[in-house]
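**Student:** compute the structure for the input listed below.
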Amino acid sequence: MTRKIVRQILPNAPNTYDAAYVNQLARTLDNFIDEQRSPIVNFQGIPSDGAANTLDLGDVFEANGFLKIIRTNDIHSGSNFATGEIGTVTVSTP
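**Tutor:** Reported below is the predicted structural model:
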């Protein structure tokens, strides 16, 4: 469920540094910093806790408004409900 983020690659350094290269480097670093400060970076499609038992170690899921991470010893079995009935009960009074 994790997604690979493709980051901008820094421009190749020329043999001699010139103003155009430094400006290009500065713009690239500004874009990277803005992207890292954004609270919505790559948080689309996060599964809910109902799918936590199908996720891999290190995957992120949402549970009651909180982001959680699958850890090694966590158990996420989902919810199971069952009802049953065995036999009958008879009560008698003398």
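**Student:** for the rest of this, base every contact and every neighbour count on C-alpha atoms.
**Tutor:** Fine.
**Student:** got any ranges where the protein has weak pLDDT?
**Tutor:** 1-11, 38-44, 76-81 (pLDDT under 70).
**Student:** mind redoing it with 80?
**Tutor:** 1-14, 17, 35-55, 74-84, 89, 91, 94 (pLDDT under 80).
**Student:** where along it do the helices fall?
**Tutor:** 19-37 (DSSP state H).
**Student:** spatially central residue for it, please.
**Tutor:** Taking Cα atoms, centre = their mean, the centroid of the chain lies closest to residue 60, which sits 2.9 Å from it.
**Student:** tell me which residues touch the nearest residue to that residue once chain neighbours are set aside, please.
**Tutor:** Sequence neighbours aside, residue 69 is the residue nearest to residue 60 in space, at 4.5 Å (criterion: Cα to Cα, 6 or more residues apart in numbering). Residue 69 makes contact with 57-61, according to Cα atoms under 8 Å, 6 or more residues apart in numbering.
**Student:** now those residues as a markdown table including distance to residue 93?
**Tutor:** Formatted as a markdown table, those follow (distance: Cα to Cα, whole Å):
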| residue | distance to residue 93 |
| --- | --- |
| 57 | 60 |
| 58 | 62 |
| 59 | 61 |
| 60 | 60 |
| 61 | 57 |
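**Student:** and the residues you listed, which are buried?
**Tutor:** Among the contacts of residue 69, those classed as buried by 16 or more other Cα atoms under 10 Å are 59-61.
**Student:** just the residues you listed now: which is nearest residue 51?
**Tutor:** residue 61 (8.1 Å; Cα to Cα).
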